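Q: Model the following, please.
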Amino acid sequence: MNSNTLNYYTPIGALYKNGHCTFTVWAPLCDSVSVIVPADLFLLLPPNAPGQWKNEFTGETIMGDNSLPLHLICNVFPVALLTGYNK
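A: Coordinates of the predicted model:
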């Protein structure tokens, strides 16, 4: 992989059904083993998104009204499947 290539997290899907909002985020493969997520990097949520999210892989609950901090989403495990619930 070219060290000058920038890799971005890209939202690739969104679904709002039965009061639950679910989305996925795709990250390109990279050569490094560690993933460093800056504390000021946020995943923007769609309008009217739930304020409470559960990481289905770790069981963690993450709160956020307009955005979710990526460092909390990837705190325990570098991949997340988030299910939204209204507070």
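
Q: Strands of this protein, residue ranges please.
A: In order along the chain, the chain carries the following strands (DSSP state E): 10-17, 20-26, 42-44, 52-55, 61-63, 67-69, 82-85.

Q: so what does the third one touch, helix or strand wise?
A: It refers to strand 42-44. Counting contacts by 3 or more CB pairs under 8 Å, 6 or more residues apart in numbering; DSSP states H and E, the secondary-structure elements packed against strand 42-44 are strand 67-69, helix 70-73. Placement of C-beta: from N, CA and C, glycine included.

Q: ok, the shortest one: who's next to it in the sheet?
A: By that I understand strand 67-69. When sheet partners are counted by DSSP bridges, strand 67-69 sits next to strand 42-44 (antiparallel).

Q: So for the partner strand, what gets flagged as buried?
A: Of the residues in strand 42-44, 42-43 count as buried by neighbour count, 16 or more other CB atoms under 10 Å.

Q: about what we covered before: format the helices and strands packed on strand 42-44 as TSV; extra columns: mean neighbour count and distance to residue 81.
A: Converted to TSV, the helices and strands packed on strand 42-44 look like this (neighbours: other CB atoms under 10 Å; distance: least, CB to CB, whole Å):
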stretch	mean neighbour count	distance to residue 81
strand 67-69	17	13
helix 70-73	19	10
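
Q: how about the ones you listed in CSV, adding mean pLDDT?
A: Shown next, in CSV, are the helices and strands packed on strand 42-44 (pLDDT from 0 to 100):
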stretch, mean pLDDT
strand 67-69, 85
helix 70-73, 86
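
Q: Quick check: which of these is nearest to residue 84?
A: Closest approach to residue 84 among these is made by strand 67-69 (9.8 Å; CB to CB).

Q: Least reliable of the strands of the chain by average pLDDT, please.
A: With a mean of 45, strand 10-17 has the lowest mean pLDDT of the strands of the chain.

Q: so which of the helices and strands packed on strand 42-44 comes closest to residue 85?
A: Evaluated over the helices and strands packed on strand 42-44, closeness to residue 85 peaks at strand 67-69, with 13.2 Å, by CB to CB.

Q: Model confidence for residue 37, exactly?
A: Residue 37 is assigned a pLDDT of 67 by the prediction.
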